[in-house]
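Asks: What shape does this take:
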Amino acid sequence: MLEVRGIPVRDSVRERITSCTDLDRMDAWLERSRTVERAEDLFAEDSETEGTGPGAA
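Replies: Model (predicted):
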């Protein structure tokens, strides 16, 4: 989706996307891919919510 929109995708971003096995997370990334301006922006909300789930210290 990002490449179709003309957004460059670095190897590290491509690796993170292709190695993900969490379908819910991938679905969220797909939704975000429609509006982000940079490939790295796919992960913005992930970093904001890390550490807030069950078992977070």
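Asks: what are the ranges of the helices in this structure?
Replies: Secondary structure of the chain, counting by DSSP state H: helices at 11-19, 23-32, 44-49.
Asks: Make TSV out of the ones you listed and add mean neighbour count, distance to residue 3 and mean pLDDT.
Replies: C-beta here means a position set from N, CA and C on the backbone, and glycine is covered the same way. Output for these, formatted as TSV (neighbours: other Cβ atoms under 10 Å; distance: least, Cβ to Cβ, whole Å; pLDDT from 0 to 100):
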stretch	mean neighbour count	distance to residue 3	mean pLDDT
helix 11-19	12	10	95
helix 23-32	13	13	95
helix 44-49	10	19	70
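Asks: quick one, what contacts residue 7?
Replies: 36, 37, 38, 39 (Cβ atoms under 8 Å, 6 or more residues apart in numbering).
Asks: what separates residue 16 from residue 10, distance-wise?
Replies: 10 Å (Cβ to Cβ, to the nearest Å).
Asks: One more: residue 38?
Replies: 10 Å.
Asks: same question, residue 44
Replies: Distance from residue 44 to residue 10, by Cβ to Cβ: 15 Å.
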